[in-house]
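Visitor: My questions are about this predicted structure, shown below with the sequence.
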Amino acid sequence: MQKTLKHEDIKQTLAEADELLWKIEPKFIESIAEEEKRIDLEQQARSLKQLKMEALDKIEKEGIQESGTYSEGMHKAMEDIEKAMKALASYL
């Protein structure tokens, strides 16, 4: 069964994504000695940024719902963001 997404949950997840992206600043990426890991980290960060933008677009299209549930697409977007955040956090 799918959990109900509330606007506060989405805002919190997006804020956590922003914080993680802020931690992975260019200087940190450059400090990674192995080129393959550095490239992978850059790709993961780009992916998270893209997923975040897609989620924000869905929120804009669906509108803010203080009660009720978001569409299946929004649920999938939030799951994808959470997966990307876990992958990125493994580098820290």
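Guide: Perfect, I can see it now. Fair warning: this is a prediction, and the values are worked out from it, not measured in the lab.

Visitor: how many neighbours does E62 have?
Guide: 12 (other C-beta atoms under 10 Å). Placement of C-beta: from N, CA and C, glycine included.

Visitor: Distance check, it against H7.
Guide: Distance of E62 to H7, computed by C-beta to C-beta, to the nearest Å: 11 Å.

Visitor: my read: S47 touches M85, true?
Guide: No: using C-beta atoms under 8 Å, S47 makes no contact with M85, being 10.4 Å away.

Visitor: Next up, identify which helix or strand the residue nearest the centre of the chain is on.
Guide: For the chain, the residue nearest the mean C-alpha position is I81 (3.4 Å; C-alpha atoms, centre = their mean). Assigned by DSSP states H and E, I81 belongs to helix 72-89.

Visitor: Distance from stretch 20-31 to the middle of the chain?
Guide: Offset of stretch 20-31 from its chain centre (C-alpha atoms, centre = their mean, to the nearest Å): 15 Å.
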